[in-house]
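Trainee: Okay, sequence plus prediction incoming.
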Amino acid sequence: MNYNWNWGIFFQPNPMGTGTYLDMLLSGLVLTLKTAALAWIIALITGSLVGVMRTLPSKGANWFGFAYVEFFRNMPLLVQLFLWFFVLPELLPKAAGIWLKQLPNAPFWTAAIGVGFFMSARVAVQLQAGIGSLPRGQKMAATALGLTTAQGYRYVLLPMAFRIILPPLTSEFLNTIKNTAVAITIGLLELTGQARSMQEFSFQVFEAFTAATILYLLVNAVVVTAMRFLERWVAIPGYITGK
C-alpha cells in the first residue's frame, strides 16, 4: 500500500486560516453536538406528544399519531432533509421562500429540524410501548383519585413510562448524534463534513476519518456513561431500570 502516513497533520495550519486541522475537526464536533442537542429537544418534545396521542382513546388522535409516525419513520432521512432544504422554500409563498433561502445558518436549522422530526417518530413509538407496558391499574387508580386524563399522564403514566424506556431512548439519542452526519449533503460542516474538508485539503484521508471516528466514539461513550447514571438515579424497584 503506497500511502504516506502523517499523524502530525493535525497540528499543521489549515488553508481556511482558522487554526490547525485539529481545530477544524473540533469546530465540526461542536457543530455536531449543537445540531444533535437541538434535534433531540425537538424529537423528545414532539415524539412525546405524538406518543401520548397514540395511546389516547380518541380515534382522531390515534389516526393522527399513526399517520405522523408512518410518514416520518418510513421516509429516508436524506430525502427528508432534501425536502426541507430544497423543496419547502419553493412551495411556500415567494416572500417566505426567499426568507428561508436567505436564513443565516440555514443548513444548521434545516438539519436540526429534519433530524428532530425524523427521530421524533421513533421516540413516539418508544413512549407508546412504555405506556402500554404499564399495568392497567395505574391508569384506573389515577381516575379513581379524581385526576383528569392530562393529570393522569402528567403525574402517573409518563413518569413511569419514561423510566422504563430510558435504555432505548439512550440508543435513539446516540442515533441522533450519528444522523447529523447526513447533513453534510446540505452543506453543514459538522464533524464528518470537516473531516471530508481536511481530506480534500491535505489528502490524508485515513488520518482525517480516523480522528473523526475517535471523536464520535468518545462522545458516544460519554453519553452512554451519563445515561447509565441517570437510569440508576431514577430507577424504581420492580421495573426494567430498577434493581
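Mentor: Thanks, I have it.
Trainee: Would you quantify the distance from the residue positioned nearest the centre of the chain to residue 26?
Mentor: Taking C-alpha atoms, centre = their mean, the centroid of the chain lies closest to residue 176, which sits 2.9 Å from it. Distance of residue 176 to residue 26, given as C-beta to C-beta, to the nearest Å: 20 Å. Glycine gets a C-beta too; all of them are placed from N, C-alpha and C.
Trainee: Check residue 197 too.
Mentor: For residue 197, the distance to residue 26 under the criterion C-beta to C-beta works out to 13 Å.
Trainee: Mind checking which of these two has more residues around it?
Mentor: Higher neighbour count among residue 197 and residue 26: residue 197, with 20 against 17, using other C-beta atoms under 10 Å.
Trainee: OK, contacts around the more buried one?
Mentor: When contacts are counted by C-beta atoms under 8 Å, 6 or more residues apart in numbering, residue 197 touches 16, 24, 189.
Trainee: what's the single longest helix in this protein?
Mentor: Counting residues, the longest helix in the chain under DSSP state H turns out to be helix 21-53.
Trainee: Next SSE downstream of that helix?
Mentor: In the C-terminal direction, the helix or strand that comes right after helix 21-53 (DSSP states H and E) is helix 59-74.
Trainee: now the angle between helix 21-53 and that following helix, please.
Mentor: Between the direction of helix 59-74 and that of helix 21-53, the angle (axes from the mean of the first three to the mean of the last three C-alpha atoms, to 10 degrees) works out to 150 degrees.
Trainee: Just the buried positions in the worst-scoring helix or strand of the chain on mean pLDDT, please.
Mentor: Taking mean pLDDT, DSSP states H and E as the measure, the helices and strands of the chain show their lowest mean at helix 136-144, namely a mean of 84. Going by neighbour count (16 or more other C-beta atoms under 10 Å), the buried part of helix 136-144 is 139, 142.
Trainee: and that helix, what does it pack onto?
Mentor: With contacts taken as 3 or more C-beta pairs under 8 Å, 6 or more residues apart in numbering; DSSP states H and E, helix 136-144 sits against helix 149-152.
Trainee: related to what we said a few turns ago, CA-only coordinates of the least confident helix or strand of the chain in PDB, if you can.
Mentor: Once non-C-alpha atoms are left out, helix 136-144 reads as follows in PDB (Å, rounded to 0.1, in the frame of the first residue of the first chain):
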ATOM      1  CA  ARG A 136     -53.900  -1.000  33.700                       C
ATOM      2  CA  GLY A 137     -54.300  -0.500  37.400                       C
ATOM      3  CA  GLN A 138     -52.200   2.600  37.400                       C
ATOM      4  CA  LYS A 139     -54.500   4.400  34.900                       C
ATOM      5  CA  MET A 140     -57.500   3.200  36.800                       C
ATOM      6  CA  ALA A 141     -56.000   4.400  40.100                       C
ATOM      7  CA  ALA A 142     -55.400   7.900  38.600                       C
ATOM      8  CA  THR A 143     -59.000   8.000  37.500                       C
ATOM      9  CA  ALA A 144     -60.200   6.900  41.000                       C
END
